[in-house]
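1. Okay, here's the prediction I keep looking at, along with the sequence it came from:
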Amino acid sequence: MNKHITFYKFGRNLMKKSARAILILIALCTVRGVQAQDTAPDFMRSTGKIYVVAAVTIVILITLFIYLVILDRKISRLEKRHKNE
Amino acid sequence: MGSVNQPDRNRLAAWKWATMAILLFVFIAGWYVPLNPGIIRVHPDKAVAGDSISLQITGYNSSFTTGDASARAWLRFEGDTVIKAYDVKVIDDRRVDARFYIPSAMPVSRDAYPLSLILDHKTDGSSVLPNALFVTPNPDPVASEEELWYQSGIDEIHEKEGIQYPFRNILAETIRNTYFHVPMWFSMIILFGVSAWYSLKYYRKGNMEDDRRSIAFVKVGLIFGVMGMITGMLWAKFTWNAYWSWDVKQNMSAIALLIYAALMVMRSSVEDDMQKARLSAGYNMFAFMLLIPLLFIIPRMADSLHPGNGGNPAMGGEDLDNTMRMIFYPAVIGWIMLGLWISQLVYRVDNLKETT
């Protein structure tokens, strides 16, 4: 019984997370798709496509920051547990 | 508690300071070293043999008006088969007009002739635009004009002084992504490798700490893989014109990531700790073995847009010159060290969670 509950919870959690990821992906694709077809260089292609490098750097930094926040919260939870004991 | 891997609370290990210093250097050099001048556009891009044309050349990062504001230009068919512009006029720092007479007779008989444009400037150095002009053959060529192709060789090519990254057509500034996108995958492979090593250790000794270590490395390796994937998709959008073009390299790296994601899913679905650890150790070693064909063998056997695959060189050749190596190698080392650092933190947290 216990096993079923944890598995159900895990599944629900995963579904929530993946739904959010897909939504973000769709939003990103539509925004880019609208401005992609132009012959004149768009914003991302201007100035020798330097903004692509900016975007890549930002993606890396944001991902690392998100992971840092997750780790931080994990440690806070541990500290809380430690205090309660 | 007093394990070797847990340093003194008040002192940060020297290699962590080194990681920060190396990555700081990579970010500064990666962003601030200028790009070599290059040609981004030529108008018109089509002509018929026998035409006298005026090519409007648009430069990037160029300063054509410096020095005596003169430049030389050639259209190259192949090797020394070139025609020289009879008149080159510098308009401003970014624009040059070059006048060519394209001989009505071509050296070989073909349906179309893609010609590369070569521009040489005293201070800016030389730049090349491959396939700048497409020439279609003249219906009645004058045979004697064929000689014009062999009269002027490309001589006295200049090089721009100072440190700069090579200008590559299509890539332009995005060549800097070499220091950010590529090391993500290098780090992922190293992290997965270390993880497989700890899995092997767990298999032999049965120590739960090794299991926790190997999983910490998988977690961080996955983060680096996802970063490599997203940055690669962004880069592909503005060079290959699509986020995802079902290229072998893209497909195989996606499969590799899914295999490791499956490992994490499998772990969370097993209740018993010992069983979980044993299962994931075996799976993890096989997953690492699979990385080798997925990332290194299959992409090399098929045609691929990605450099380093399908007869498309990456290291060496013109894509990575000596200036870029001076930043690329530190970048690889720095990002790998950052990955190891984060993995160590994750392990320490997970270890505390399990033992306290």
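-> Ah, there it is.
2. My read is that B:Arg41 contacts B:Thr58, right?
-> Yes. Counting by Cβ atoms under 8 Å, B:Thr58 is a contact partner of B:Arg41 at 4.1 Å. Yep, even glycine has a C-beta here, placed from its N, CA and C like the rest.
3. what's the longest helix belonging to chain A packed up against?
-> What stands out as the longest helix in chain A, according to DSSP state H, is helix A:46-84. On a contact count with 3 or more Cβ pairs under 8 Å, 6 or more residues apart in numbering or on different chains; DSSP states H and E, helix A:46-84 meets helix B:14-32, helix B:208-237, helix B:322-355.
4. just so I know, which of those helices lies nearest chain A?
-> Closest to chain A of these is helix B:208-237 (Cβ to the nearest Cβ; 4.4 Å).
5. what comes up buried for that closest one?
-> Within helix B:208-237, the residues that count as buried by 16 or more other Cβ atoms under 10 Å in any protein chain shown are B:209-237.
6. Show me what secondary structure element comes after it.
-> Downstream of helix B:208-237, the first helix or strand assigned by DSSP states H and E is helix B:248-269.
7. which outside residues touch that following helix?
-> Where contact means Cβ atoms under 8 Å, 6 or more residues apart in numbering or on different chains, the residues beyond helix B:248-269 that reach it are A:7, A:10, A:14, B:185, B:192, B:215, B:218-219, B:221-222, B:225-226, B:228-229, B:232, B:236, B:244, B:276, B:279-280, B:283-284, B:287, B:290-291, B:294-295, B:298-299, B:302-306, B:309-310.
8. so for that helix, what's the average pLDDT?
-> Averaged over helix B:248-269, pLDDT sits at 95.
9. roughly how far is it from the heart of the chain?
-> 23 Å (Cα atoms, centre = their mean, to the nearest Å).
10. buried stuff in it?
-> Within helix B:248-269, the residues scored as buried using 16+ other Cβ under 10 Å are B:Val248, B:Lys249, B:Gln250, B:Asn251, B:Met252, B:Ser253, B:Ala256, B:Leu257, B:Ile259, B:Tyr260, B:Leu263, B:Arg267.
11. Also stretch B:25-38?
-> B:Val26, B:Phe27, B:Ala29, B:Gly30, B:Val33, B:Leu35, B:Asn36, B:Pro37, B:Gly38.
12. Surely B:Ala242 and B:Leu234 touch.
-> No. B:Ala242 lies out of contact with B:Leu234 (Cβ under 8 Å); the separation is 11.5 Å.
13. Residues of the stretch 201-350 of chain B that sit close to chain A?
-> B:223, B:226-227, B:230-231, B:234-235, B:237-239, B:241, B:243, B:265, B:268-269, B:271, B:342, B:345-346, B:349 (Cβ under 8 Å from any Cβ of the partner chain).
14. the bottom helix or strand of chain B by mean pLDDT?
-> Scoring the helices and strands of chain B by mean pLDDT, DSSP states H and E places helix B:298-301 at the bottom, with a mean of 86.
15. packing partners for that one?
-> Helix B:298-301 makes packing contacts with helix B:248-269 when contacts are defined by 3+ Cβ pairs under 8 Å, 6+ apart.
16. Could I get the CA-only coordinates of the helix it packs on as PDB?
-> Taking Å, rounded to 0.1, in the frame of the first residue of the first chain, the C-alpha atoms of helix B:248-269 are listed here in PDB:
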ATOM      1  CA  VAL B 248      23.000  12.400 -35.600                       C
ATOM      2  CA  LYS B 249      25.000  14.200 -33.000                       C
ATOM      3  CA  GLN B 250      21.800  15.800 -31.600                       C
ATOM      4  CA  ASN B 251      19.800  12.500 -31.600                       C
ATOM      5  CA  MET B 252      22.600  10.500 -30.000                       C
ATOM      6  CA  SER B 253      23.300  13.000 -27.300                       C
ATOM      7  CA  ALA B 254      19.500  13.200 -26.500                       C
ATOM      8  CA  ILE B 255      19.500   9.400 -26.200                       C
ATOM      9  CA  ALA B 256      22.500   9.600 -23.900                       C
ATOM     10  CA  LEU B 257      20.800  12.100 -21.700                       C
ATOM     11  CA  LEU B 258      17.600  10.000 -21.600                       C
ATOM     12  CA  ILE B 259      19.500   6.900 -20.600                       C
ATOM     13  CA  TYR B 260      20.900   8.800 -17.600                       C
ATOM     14  CA  ALA B 261      17.500  10.400 -16.800                       C
ATOM     15  CA  ALA B 262      16.100   6.800 -16.800                       C
ATOM     16  CA  LEU B 263      18.700   5.900 -14.200                       C
ATOM     17  CA  MET B 264      17.300   8.600 -11.800                       C
ATOM     18  CA  VAL B 265      13.700   7.500 -12.500                       C
ATOM     19  CA  MET B 266      14.700   3.900 -11.800                       C
ATOM     20  CA  ARG B 267      16.300   4.900  -8.500                       C
ATOM     21  CA  SER B 268      13.300   6.700  -7.200                       C
ATOM     22  CA  SER B 269      11.100   3.700  -8.000                       C
END
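17. Can you check what angle separates it from helix B:208-237?
-> 150 degrees (axes from the mean of the first three to the mean of the last three Cα atoms, to 10 degrees).
18. Tell me which residue lies nearest the centroid of chain B.
-> Nearest to the geometric centre of chain B sits B:Thr178, at 4.4 Å (Cα atoms, centre = their mean).
19. quick one, what contacts the closest residue to that residue other than its chain neighbours?
-> What sits nearest to B:Thr178 in space, not counting adjacent residues and going by Cβ to Cβ, 6 or more residues apart in numbering or on different chains, is B:Phe328, at 5.8 Å. Counting by Cβ under 8 Å, 6+ apart, B:Phe328 touches B:Thr178, B:Tyr179, B:Val182, B:Leu320.
20. follow-up on the earlier one: ok, which of the buried residues of stretch B:25-38 also contact chain A?
-> Okay, of the buried residues of stretch B:25-38 touching chain A (Cβ under 8 Å from any Cβ), that's B:Phe27, B:Leu35.
21. Low-confidence regions, chain B specifically.
-> Applying pLDDT under 70 to chain B flags residues B:1-9, B:310-319.
22. Quick check: bridge partners of B:Ala98?
-> Beta bridges link B:Ala98 to B:Leu55, B:Val88 when assigned by DSSP bridges.
23. So which of the helices and strands packed on helix A:46-84 is nearest B:Ser104?
-> Among those, the nearest to B:Ser104 by Cβ to Cβ is helix B:208-237 (41.7 Å).
24. Just give me how far that closest one sits from the chain centre.
-> Chain-centre distance of helix B:208-237: 19 Å, with Cα atoms, centre = their mean.
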